[in-house]
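J.: Build the 3D model from these lines:
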Amino acid sequence: MRFDIKSSQAAITPDRKSIFVTIVVDEGEPYTVSGYDLTGDLILPREELEKYIRIKKGDIFSKKKLVESEKLISEALGAKGYVFADISVKPNIDDVKKEVFVTFIIKPKKRAYVRSITFTDNAKTNDEVLRREIEQMESSVVSTSRLQQSKTRLQRLPNIKDVEMSIKPVKESDDEVDVNYKVTEDSAATANFSVGYSQLDHILLNAGFNQKNFLGTGNTLGFNLSRSRYQQYYGVTYMNPYFTDDGISRSLSLAYTHYDPEFANSSKSYKTNQLSFSDVFGIPIGQERGVFNRLQIGYGYENTVLHVSDNPSVQVGDFVEEHGRHFQQFDIFTGFSRDSRDRYIFPTRGMLHVVSANAFLPLTTGNLKYYNLDYKAKWYQPLTSKFITLTKAEVGYGNSFGGNAKNFPFFKNYYAGGIDTVRGYAGNTLGPEDSKGKPTGGNFLVNGSFGLIFPNFVSDNLRTTAFVDAGNVYDTFNNEDFAGTKSGPIRYSVGVEADWLTPMGLIDISLAKPLNLRGGDSEEIFQFALGANFG
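T.: Have a look, this model is predicted:
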């Protein structure tokens, strides 16, 4: 578009300290692009450079597209080491034909090398922990793409909140640069608390102390417990993200769990005590720009004891009669994760995919052999600089190796409802019911959510999201043969959630309204979780 000034007028304010200028313009007819050319020292092949030009013949002339093209060409040259490249644009305007011919003038200058890479403001994190995330080597040709990838890797560390990267030319040298990463650290030690309340569960408390940067090594040591009327959990975990120099991680965990579903709006027929141990290795695979792929392989042990009531449901009674009450299982685990999110805390773009499979085999006499398959995904997609869509999906399925779902242990069932699944419904209230009329969970879970993250104009540490949730759990054997009921349709809810990152930790608050309550469901409009950070 070309603008012509038709008239202008200036006026001095009464206090004679300011001048008002009025300009009247004529928008005129739009100009079109008649073509473009590349000139100068074309280090990269012409066909490759042309991929970065966003303005083509026949397009309406746009300065924004010219600037974008300049930036893309500069980034392409920077990835090859030409960080001092000079890209200029010369538009040749034909006012008669209303056309513009664009010439891109490229001057790559000298190829640059990295003299040093430094880190600042890392008061709690050892320099080595940050340096092992850097893909750019010192004394080698600089690559802006590798430097940016290194910044992304640093931002994904759980103890790093933000990273600023700067590239400065070395004085008295025309082919060297120094690179600095200024990091903003999150609290290394976190004591996390989550609190909830419902008429059925009363107060639910979770607590833990997790040192995400143990002794500055980047390793995580955690002690966690949760306690409610229906569950007690005590666990310790230790994770080394660099168990080997190649970036293979190792996670060790030991936990004890007591579960009484009677107080979770579920079955009154049994209680469980379980001792578990796991040892999982994470192996980085593939090399993609801005994407981290990881394969997980591990093993574990579970020792589970069932305490059955005097008058159990038909589902529990039949299972115990056939399989017993004490199970020692060897767990073989494998999983794959793909993470393209731009940051660990409050991502703005990218996707996270997690696929996992567990196979449980008996270590003592018995025929309890079963498996679980799980998939979770999150997708952050910017609509504008202020609005971001968040799409979440979760699917879980379990069955016995014999293919008969009634042999899948009921104490491994999936549950739905609550702040982590379908908000607005109380935890564990969705899904099929047993012969006693209590929710019993199911071996098949489907859950999804679509949200719009919108600006709050209060703080960058506050994220607000309007959402629609959908989900339920099902059993794939005929529960009605055991005097039970089916799950009914998918449940829906709408609401808004606020996630506030405070100096004392993350606070999550959601207000949600169920859209299709059915018999057995329990409404819980207000749900929240609290966190506290120390260190």
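J.: just for the stretch 251-400 of the chain, where's the confidence low?
T.: By pLDDT under 70, the weakly predicted segments of the stretch 251-400 of the chain are 263-265, 287, 365-366.
J.: can you give me the strands for it?
T.: When secondary structure is read from DSSP state E, counting those that start in this stretch, the stretch 251-400 of the chain shows strands at 270-288, 291-308, 326-339, 350-362, 370-382, 388-400.
J.: Could you do the stretch 101-250 of the chain as well?
T.: Using DSSP E, counting those that start in this stretch, strands in the stretch 101-250 of the chain cover 113-120, 160-169, 176-185, 189-198, 202-211, 220-227, 231-240, 249-259.
J.: If I take the second one and strand 113-120, what angle do their directions form?
T.: I take that to be strand 160-169. Note on geometry: by axes from the mean of the first three to the mean of the last three C-alpha atoms, to 10 degrees, strand 160-169 and strand 113-120 are set 140 degrees apart in direction.
J.: Over to the third one?
T.: Angle of strand 176-185 versus strand 113-120, following the same axes, to 10 degrees, is 20 degrees.
J.: Quick check, central residue of this protein?
T.: A centroid search over the chain (C-alpha atoms, centre = their mean) returns Leu352, at 5.3 Å, as the residue closest to the centre.
J.: Quick check: it touching Arg343?
T.: No: if you go by C-beta atoms under 8 Å, Leu352 and Arg343 don't touch, sitting 11.6 Å apart. (Each C-beta comes from the backbone N, C-alpha and C, glycine too.)
J.: now Leu511, what's its secondary structure?
T.: Classification of Leu511 using DSSP: H, G, I helix; E, B strand; the rest coil returns strand.
J.: gap between it and Ile453?
T.: Per C-beta to C-beta, to the nearest Å, Leu511 is found 16 Å from Ile453.
J.: Which one's more surrounded, the two?
T.: Ile453 (24 against 15; other C-beta atoms under 10 Å).
J.: Kindly format the C-alpha coordinates of the host helix or strand of that one as CSV.
T.: Ile453 is part of strand 444-454 when elements are defined by DSSP states H and E. Taking only C-alpha atoms (Å, rounded to 0.1, in the frame of the first residue of the first chain), the coordinates of strand 444-454 have been written out as CSV:
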residue,chain,number,x,y,z
PHE,A,444,-10.4,-48.0,29.9
LEU,A,445,-10.0,-44.2,30.4
VAL,A,446,-10.6,-41.4,27.9
ASN,A,447,-10.1,-37.8,28.9
GLY,A,448,-9.6,-34.5,27.0
SER,A,449,-9.6,-30.8,27.4
PHE,A,450,-9.5,-27.7,25.2
GLY,A,451,-8.5,-24.4,26.8
LEU,A,452,-7.9,-20.8,25.8
ILE,A,453,-5.1,-19.1,27.7
PHE,A,454,-5.9,-15.4,27.7
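J.: List the residues that contact the residue lying closest to Ser309 once chain neighbours are set aside.
T.: In space, Ser309 comes closest to Ser269 once its chain neighbours are excluded; the distance is 5.2 Å by C-beta to C-beta, 6 or more residues apart in numbering. Taking C-beta atoms under 8 Å, 6 or more residues apart in numbering as the definition of contact, the neighbours of Ser269 are Val308, Ser309, Asn311, Pro312, Ser313, Gln315, Val316, Gly317, Asp434, Lys436.
J.: one step back: tell me the most buried of the strands of the stretch 251-400 of the chain?
T.: Relative to the other members of these, strand 388-400 carries the highest mean neighbour count by mean count of other C-beta atoms under 10 Å, namely a mean of 18.
J.: From the contact counts, what lies against it?
T.: If you count contacts as 3 or more C-beta pairs under 8 Å, 6 or more residues apart in numbering; DSSP states H and E, strand 388-400 packs onto strand 370-382, strand 444-454, strand 462-474.
J.: list the helices and strands the last one packs on?
T.: Helices and strands touching strand 462-474, as assessed by 3+ C-beta pairs under 8 Å, 6+ apart, comprise strand 388-400, strand 444-454, strand 491-502.
J.: Now do the contacts for Leu254.
T.: Gly235, Val236, Thr237, Ser276, Phe277.
J.: For Arg338, state which of these is nearest.
T.: Thr237 (23.0 Å; C-beta to C-beta).
J.: Test my guess that the closest one contacts Asn224.
T.: Yes: using C-beta under 8 Å, Thr237 and Asn224 qualify as a contacting pair, with a distance of 7.4 Å.
J.: Break the chain down into its domains, please.
T.: 4-107, 113-185, 189-534 (automatic domain parsing).
J.: Is Leu49 part of a helix or strand, or is it coil?
T.: Judged by three-state DSSP, the three-state class of Leu49 is helix.
J.: Can you verify my assumption that it contacts Ser74?
T.: No: under the criterion of C-beta under 8 Å, Leu49 makes no contact with Ser74, lying 11.1 Å away.
J.: between the strands of the stretch 101-250 of the chain, which one is nearest to Tyr414?
T.: Proximity to Tyr414 (C-beta to C-beta) singles out strand 249-259 among these, at 14.3 Å.
J.: Neighbouring strands - and their directions - for the closest one?
T.: strand 231-240 (antiparallel), strand 270-288 (antiparallel) (DSSP bridges).
J.: and it with strand 291-308, angle?
T.: Orientation note: strand 249-259 sits at an angle of 30 degrees relative to strand 291-308 (the same axes, to 10 degrees).
J.: buried ones in strand 249-259?
T.: By neighbour count on 16 or more other C-beta atoms under 10 Å, the buried set for strand 249-259 is Ser249, Arg250, Ser251, Ser253, Ala255, Thr257, Tyr259.
J.: For the fifth one, which non-adjacent residue is spatially closest?
T.: In other words, Ala255. Among residues not flanking Ala255 along the chain, Gly235 sits closest, at 3.6 Å (C-beta to C-beta, 6+ apart).
J.: do the same with the second one
T.: With C-beta to C-beta, 6+ apart as the measure, Phe243 is the residue that lies nearest to Arg250, at 3.9 Å, once sequence neighbours are left out.
J.: now swap in the fourth one and tell me
T.: Distances taken as C-beta to C-beta, 6+ apart put Thr237 closest to Ser253, at 4.3 Å, once the chain neighbours are dropped.
J.: again with the last one
T.: If you skip the residues right next to it in sequence, Tyr259 has Thr272 as its closest partner in space, 4.7 Å away by C-beta to C-beta, 6+ apart.
J.: mean confidence for stretch 70-90?
T.: What stretch 70-90 shows for mean pLDDT is 89.
J.: Put the alpha carbons of it into CSV.
T.: Presented in CSV, the C-alpha positions along stretch 70-90 are these (Å, rounded to 0.1, in the frame of the first residue of the first chain):
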residue,chain,number,x,y,z
GLU,A,70,15.3,-10.5,5.9
LYS,A,71,15.2,-12.1,9.3
LEU,A,72,14.8,-15.7,7.9
ILE,A,73,17.8,-15.2,5.5
SER,A,74,19.9,-13.8,8.4
GLU,A,75,19.0,-16.8,10.6
ALA,A,76,19.9,-19.2,7.8
LEU,A,77,23.3,-17.5,7.3
GLY,A,78,23.8,-17.4,11.1
ALA,A,79,23.3,-21.1,11.3
LYS,A,80,26.3,-21.5,9.0
GLY,A,81,28.5,-19.1,11.1
TYR,A,82,27.9,-15.8,9.3
VAL,A,83,26.5,-14.0,12.3
PHE,A,84,27.8,-10.6,11.0
ALA,A,85,25.9,-10.9,7.7
ASP,A,86,24.4,-7.7,6.4
ILE,A,87,21.0,-8.1,4.6
SER,A,88,19.5,-5.1,2.9
VAL,A,89,16.4,-4.7,0.7
LYS,A,90,16.1,-2.3,-2.3
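J.: buried ones in it?
T.: Residues of stretch 70-90 classed as buried under the neighbour-count rule (16+ other C-beta under 10 Å) are 70, 72-74, 76-85, 87, 89.
J.: Restricted to helices, list those residues.
T.: Restricting the buried residues of stretch 70-90 to those inside helices, with DSSP state H as the criterion, leaves Glu70, Leu72, Ile73, Ser74, Ala76, Leu77, Gly78, Ala79.
J.: picking up where we left off before, quick check: which of the helices and strands packed on strand 388-400 is nearest to Gly300?
T.: Nearest of the helices and strands packed on strand 388-400 to Gly300, taken as C-beta to C-beta: strand 370-382 at 12.4 Å.
J.: Lovely, talk soon.
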